[in-house]
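> from the sequence below, what's the structure:
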Amino acid sequence: MTTLPKTLAGLGLVAAAALAGACNDFLQVDNPAAVDVARLADSTNAALLINGAIGEFQGMIATTALWGGVLADESRSTHVNVSYGPIDRRDFSNLNDLVAPVYSALHRARFAGDTTAQRLIGYQGAAAAARDLRVARMLAFAGYAQMLLAETFCRSPLDGGATQQPAELWRGALAKLDSAATIARAARVGVTNRAPGDSVLGLALVAAARTAMNLNDRARAAAYAQQVVDSLPNFEYRSYYTEGIPAAAGFPVNPYWNAMGAPEPARTGFNTNQSGGINFNASSLWLVVDSAFIGLNDPRVPMTPTRVTTMGGTAAGTQFVAGKSRSFGGYVAPSTAAPAGAPMTPGASMRVASGLEARYILAETQGGDARTLAFVNQQRAANGQPASTAVAAADVLADLRDQKRREFYLDGHRLGELRRYKAQYNIDQFPRGPQFGTVECWPIPLTELNSNPNATP
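So this is what the prediction gives:
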């Protein structure tokens, strides 16, 4: 071993000390992609903030719908990763590493909507902001995300505060949605703002009606829904990805596409794993149709006519895979030529709120009377089903619930509905059996509990 002379060793220590002095904190590193917080006070950055909030909302919608659907048994998982199966079996805790990404997506969308709305108000003052459609959209995003957070998670803190129960979260969401609707009405005056104003107003009102239903306030829910039915009956709010644009680096991709094995009608190389003219990459296909939705013969729940091999291989059994349900952009009704309808695409948009949803909410508030039955039969006839034979109000409502699960298949409604049916009607539609646990909502992840001293499980 060579030994350095003492003088050289001393110089080395001096140099190291000098370098250490130049870097007061070895862990402090500048992120070239980060925006200086001080710059956010500059109103010229408003578009940057708004686009960021839109992006967070888009990513949250599909992520929450996908994972909520697995927990609510719309979909099944055949993934080989050990974290996925427990979600499917509803037998997991906050030790599962998939809990945090779902939680984070919801809170990022909520926080981005909240903070961007406050920045926009600060840029121009309260009087001008009260007519600013951008503020209305951000508040609608924040309220919707908070509503969905309470539907998805058992409870949750907000912004480092104490843990809140769902009812408290819904009441907070409703206040934001009411503000969004008020501002949207004021902003939609004139030809230019009419269409976008209607879009934001419809989003706020439908989300408010859904939130009021969660709070078991049927009168208030009916009032919100009736406004949509009366003035915006054909309204739809959609969350866009790259619909109509080929998938490319940098574009957000609807996660259903990856989970469904990147289906394509004419892909070469995977032709041994196909059904109904659609080819699937078995190595990435893990999201399949749950047994409760197989064989419905309903155009709103399209699926492959035969089973295909998934990531789990033949040992896991071959499975049916969903096509695009009616909530997704590019929906095609199943036919002889295309029995699964259209395969999922990387840029498929998703229906977030609609006039049709308002009509479903209104029908439920009517309590299974003749108006509810008429609506049920309208939906059944439109989708090739015979008229309902229900007579008693409870049976009419059961038919309504069945139509609703078909209509909003895979778009993020099912988990919240199952929890609400159990809480408000004592109707438990979660599958039971020795293979299932008792989890019916997502727990607060360890990342939140470890970083927030005010949070409790």
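
> wait, a strand at A340?
No. Using DSSP: H, G, I helix; E, B strand; the rest coil, the assignment for A340 is coil, not a strand.

> my guess is it contacts V301, does it?
No. Look at A340 against V301 with Cβ atoms under 8 Å: they stay out of range, at 10.7 Å. For every residue, glycine as well, the C-beta is placed using N, CA and C.

> how far away is A129 from A136?
Going from A129 to A136 by Cβ to Cβ, to the nearest Å gives 9 Å.

> overlap in contacts, these two.
Listed as contacting both A129 and A136 by Cβ atoms under 8 Å, 6 or more residues apart in numbering are I183.

> residues in contact with whatever helix or strand E364 lives in?
Secondary structure from DSSP states H and E places E364 in helix 355-365. The contact list for helix 355-365 (Cβ under 8 Å, 6+ apart) reads 202, 205-206, 209-210, 213, 218-219, 221-222, 224-226, 228-229, 232-236, 371-372, 375-376, 397, 400, 403-404, 407-408.

> please state the offset of the very next helix or strand once past it from the chain centre?
Using DSSP H and E, the helix or strand that directly follows helix 355-365 along the chain is helix 370-382. Distance, stretch centre to chain centre, for helix 370-382: 28 Å (Cα atoms, centre = their mean, to the nearest Å).

> and after helix 370-382, which helix or strand comes next?
Scanning forward in sequence from helix 370-382 by DSSP H and E, the next helix or strand is helix 393-407.

> can you list the buried residues in that following helix?
396-407 (16 or more other Cβ atoms under 10 Å).

> counting contacts, what elements does that helix pack onto?
Applying 3 or more Cβ pairs under 8 Å, 6 or more residues apart in numbering; DSSP states H and E, one finds that helix 393-407 contacts helix 355-365, helix 370-382, helix 414-425.

> so A129 and A136 - more neighbours on which side?
More neighbours surround A136 than the other of A129 and A136, with 30 against 19 (other Cβ atoms under 10 Å).

> tell me which element the more buried one is part of?
Taking DSSP H and E as the criterion, A136 maps to helix 133-152.

> so which elements touch the helix or strand just after that helix?
Next in sequence after helix 133-152, counting helices and strands by DSSP H and E, comes helix 166-187. Where contact means 3+ Cβ pairs under 8 Å, 6+ apart, helix 166-187 is packed against helix 133-152, helix 191-214.

> check contacts around T211.
Applying Cβ under 8 Å, 6+ apart, we find T211 in contact with 143, 147, 170, 173-174, 177.

> now tell me which helix or strand of the protein has the poorest mean pLDDT.
helix 6-22 (a mean of 43; mean pLDDT, DSSP states H and E).

> that'll do, ta.
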